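[1] fold the following, please.
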Amino acid sequence: MVTGMACPPPEVIASLDEGEQARMLEALMQHQREVEASLRSADLWPRMGGSEQKIIRKPTEMTPQTMVDISWMAESEECLLWALGLIDGIPPWDTQADVEHLKKLPEGTIAELMTSAELRPAEEISEQREIAELWHWRSRTRKLQEGSSPVELPDGLTFSEIVRMSAERAESDGLFISIDGDFPAFGRAYSSISPEEWSIATSIAMERHKALNWLCGFAPGNRWDETPTDT
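    Residues are numbered from 1 along each chain as shown. As a prediction, this is how the structure comes out:
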């Protein structure tokens, strides 16, 4: 993510004169070469997916959508920082990650960081994974609620009843205080938030769910890109 964010948008590069473009691109490529060398020294380069390697080797070829995707990876980063004990908690599920938290990474090479890294207890990470899955489920449930295709529900229940029961159970577990029998988001019941707010909440939940599933060993072969986020 840090590598992707280091690359300025194409329109910024295009706005520079030829000399400035050349200097910026050379500095960028030198930075990326150093990143690749650091990853190789830690034996991480072969374990990265093709898309990850391409971002590092050819940062100027990133599409606008790729840059958006990278920006949302801040939510995954937040979970990883928390799991390493570098921040105290994961932000609320309607609050985006603070990119300033990346500064909490200790100094040193990637290999040194790997040697000194220590995760929180597995049980604690697993509990957060279940919470992330719950919020991701709430997002997908709203999509089903508002979809045009009929969905068969068990025992004649409605979506509202299922959501209410889930919210009550989460509230009894101390996860949040429900609003109108629903999950709380942006100060309102989840079913009442705007499409824009729903999009934000969905991206937050999806990225955090992915990171926590990866931490819990759900990814085939530990490959980040293949980490499932089933709910």
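
[2] quick check: next helix or strand after whichever strand or helix holds residue 82?
    Assigning secondary structure by DSSP states H and E places residue 82 in helix 74-83. Using DSSP H and E, the helix or strand that follows helix 74-83 towards the C-terminus is helix 110-116.

[3] what residues of that following helix count as buried?
    Within helix 110-116, the residues scored as buried using 16 or more other CB atoms under 10 Å are residue 110. Quick note: C-beta positions are derived from backbone N, CA and C, even for glycine.

[4] now for it, which elements pack on it?
    Where contact means 3 or more CB pairs under 8 Å, 6 or more residues apart in numbering; DSSP states H and E, helix 110-116 is packed against helix 18-41.

[5] ok, now with 6 Å
    If you count contacts as 3 or more CB pairs under 6 Å, 6 or more residues apart in numbering; DSSP states H and E, helix 110-116 packs onto no helix or strand.

[6] tell me how far it is from the chain's mean position?
    22 Å (CA atoms, centre = their mean, to the nearest Å).

[7] that one - what's its average pLDDT?
    On average, the pLDDT along helix 110-116 is 77.

[8] ok, residues contacting that helix?
    Helix 110-116 has contacts (CB atoms under 6 Å, 6 or more residues apart in numbering) with 38, 41, 42.

[9] what strand or helix carries the residue nearest to residue 36 when sequence neighbours are not counted?
    Once flanking residues are discounted, residue 36 sits nearest to residue 56: 5.5 Å by CB to CB, 6 or more residues apart in numbering. Assigned by DSSP H and E, residue 56 belongs to helix 50-57.

[10] filter the contacts of helix 110-116 to the buried ones?
    Using 16+ other CB under 10 Å, the buried ones in those are 38, 42.

[11] from the contacts of helix 110-116, pick the one nearest residue 104.
    Nearest to residue 104 out of the contacts of helix 110-116 is residue 38 (CB to CB; 18.6 Å).

[12] low pLDDT regions in the protein?
    By pLDDT under 70, the weakly predicted segments of the chain are 1-14, 60, 148.

[13] domains in it, by residue range?
    Under the assignment automatic domain parsing, the domains of the chain span 1-61, 73-231.

[14] out of those, the one nearest residue 67 is which?
    domain 1-61 (6.6 Å).
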